[in-house]
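Visitor: what would the 3D arrangement of this be:
(4 chains)
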2 protein chains.
Amino acid sequence: MSLMRVKSETTVNEILTAAENFFVEKNYADVSMAEIAYMANVTKGALYHHFEGKEALYIAMLMRDFDEKRALFQRAVTAEGNCRARLELSVKLLFALPPHKRNLIRLVRRDINIFKGQAREKLLRAYQSALPEVIEAILRDGIEAGEIAAIDVRLLSWEWVAIVEVVLTVYAQDVLGSTERCVEQALNLFFGGVGVR
Amino acid sequence: MSLMRVKSETTVNEILTAAENFFVEKNYADVSMAEIAYMANVTKGALYHHFEGKEALYIAMLMRDFDEKRALFQRAVTAEGNCRARLELSVKLLFALPPHKRNLIRLVRRDINIFKGQAREKLLRAYQSALPEVIEAILRDGIEAGEIAAIDVRLLSWEWVAIVEVVLTVYAQDVLGSTERCVEQALNLFFGGVGVR
DNA sequence: AAAATTACCTACCGCTCGGTATGCTTTACT
DNA sequence: AGTAAAGCATACCGAGCGGTAGGTAATTTT
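Guide: Next up, the predicted model:
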């Protein structure tokens, strides 16, 4: 039970990693099971041995990433400091990831429409608890401490994520120069806006 | 030349409208030429008579929408008032559109990755001139007038669009109640941030 | 050592979808 | 009136993909 289990886990991980690489760069429909298998150095038969189908594989891949992301951002929630400092930490943690892992964050919002019923619900719940809820926890503290205005936290978290996604682009990093400037830009906009007072 | 031309134009418009309805709700790959044809009350033969293929049809559809959007937002550029007032007008114009036309705006950013080469460039240029450049014109005026901070206008326009897209969601409209509140929320965040001073 | 289970491969099936070949009907030109 | 051309329908093809059936080799269980 030991040797085989290790082998299986290794294969599964290789498959999931291969899947990540394809799904971040191409649409769900444009990624074939055959190429994932090829990239993972196995055959299609192996894929269907470990996963029920394409949809299950895709969901499993996202779930694994959600777990990583949740663990990562949890560090920002439990960190010391005020709301702004903790948001800053969360973005810095995100920037510290390799580009490919960063971009995985956008997959749900891009592909959520292709799933129906329970698969869709499952994904949404998992995403909610991996990202928005974590941000919301920080924002709630910020509101209680009187640092930010008392606006619906979910809406606030979405706006925050939207703002961050912009500075995550290549263009933003070109224009702003460094990671620090990107983080600063996002924080300044979110907390103070761009209007001149 | 007259009767047939009118007939043809009508058919083309019906095809484009049918295409819009499908492409806003499903991924590019999940929309079939057959269902577009059915929705437009023609056959696949007619589609391929009027368009070279699926890609050409999709691009033509976006192009038509770009033209409408550019004409729409141009009104905000030439309007009287300061930067903030004109941005407000542009969002209100967007909100005044039927939901289906509103959402077309997100298609490019969603699907741009599935095109390569010249098709991709063409789409990007058309999109740039239909939306970002229009916003940029307003923002540039705002910077010159000292209303907003001197940040790269393209980056600013992206942030603005990102913020607006959030208040365009159903959730935001539920929470905030009215269109006016949505517009106000976006403007307040963009100009003043959410930090308490 | 035999049986059962796991991991994986090869070969194949069925279906969908983009695209095409061809012909019919209506309009436009001369 | 006759001919050319445009608008559109029908019927079909070929490729590619998700998924399956069945076999083989290794490992674990009894």
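Visitor: now the helices for chain A?
Guide: Assigned by DSSP state H, the helices in chain A fall at A:2-25, A:33-39, A:44-50, A:54-77, A:83-96, A:99-103, A:107-111, A:117-130, A:132-144, A:153-167, A:170-176, A:179-192.
Visitor: most packed of those?
Guide: Comparing those by mean neighbour count (mean count of other Cβ atoms under 10 Å in any protein chain shown), helix A:153-167 comes out on top with a mean of 21. For every residue, glycine as well, the C-beta is placed using N, CA and C.
Visitor: next, the angle helix A:83-96 makes with it.
Guide: Orientation of helix A:153-167 against helix A:83-96 (axes from the mean of the first three to the mean of the last three Cα atoms, to 10 degrees) gives an angle of 40 degrees.
Visitor: counting contacts, what elements does helix A:153-167 pack onto?
Guide: helix A:83-96, helix A:132-144, helix A:170-176, helix A:179-192, helix B:153-167, helix B:170-176 (3 or more Cβ pairs under 8 Å, 6 or more residues apart in numbering or on different chains; DSSP states H and E).
Visitor: how does it look with 7 Å?
Guide: helix A:132-144, helix A:179-192, helix B:153-167 (3 or more Cβ pairs under 7 Å, 6 or more residues apart in numbering or on different chains; DSSP states H and E).
Visitor: which residues of chain A lie near chain B?
Guide: Neighbours of chain B within chain A, by Cβ under 7 Å from any Cβ of the partner chain: A:27-30, A:110, A:114, A:146-149, A:151-152, A:155-156, A:158-159, A:162-163, A:165-166, A:172, A:175, A:189-196.
Visitor: before we move on, the earlier item: of the helices and strands packed on helix A:153-167, which is nearest DNA strand C?
Guide: Closest to DNA strand C of the helices and strands packed on helix A:153-167, according to Cβ to the nearest atom of the strand: helix B:153-167, at 27.4 Å.
Visitor: just to revisit the earlier point, so which of the helices and strands packed on helix A:153-167 is nearest A:Asn82?
Guide: helix A:132-144 (7.3 Å; Cβ to Cβ).
Visitor: from the chain's centre, how far out does that closest one sit?
Guide: 17 Å (Cα atoms, centre = their mean, to the nearest Å).
Visitor: now the angle from it to helix A:179-192?
Guide: Taking the same axes, to 10 degrees, one finds that helix A:132-144 is oriented at 60 degrees with respect to helix A:179-192.
Visitor: quick one: contacts for A:Phe190?
Guide: By Cβ atoms under 7 Å, 6 or more residues apart in numbering or on different chains, the residues touching A:Phe190 are A:Trp160, A:Ile163, B:Gly193, B:Val194.
Visitor: now, which of the residues you listed sits nearest A:Leu62?
Guide: Of those, the one sitting nearest to A:Leu62 (Cβ to Cβ) turns out to be A:Trp160, at 21.3 Å.
Visitor: where does pLDDT dip in chain A?
Guide: A:1 (pLDDT under 70).
Visitor: okay if I get the contacts of A:Phe190 as CSV plus distance to DNA strand D?
Guide: As requested, those are arranged in CSV below (distance: Cβ to the nearest atom of the strand, whole Å):
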residue, distance to DNA strand D
A:Trp160, 35
A:Ile163, 35
B:Gly193, 44
B:Val194, 43
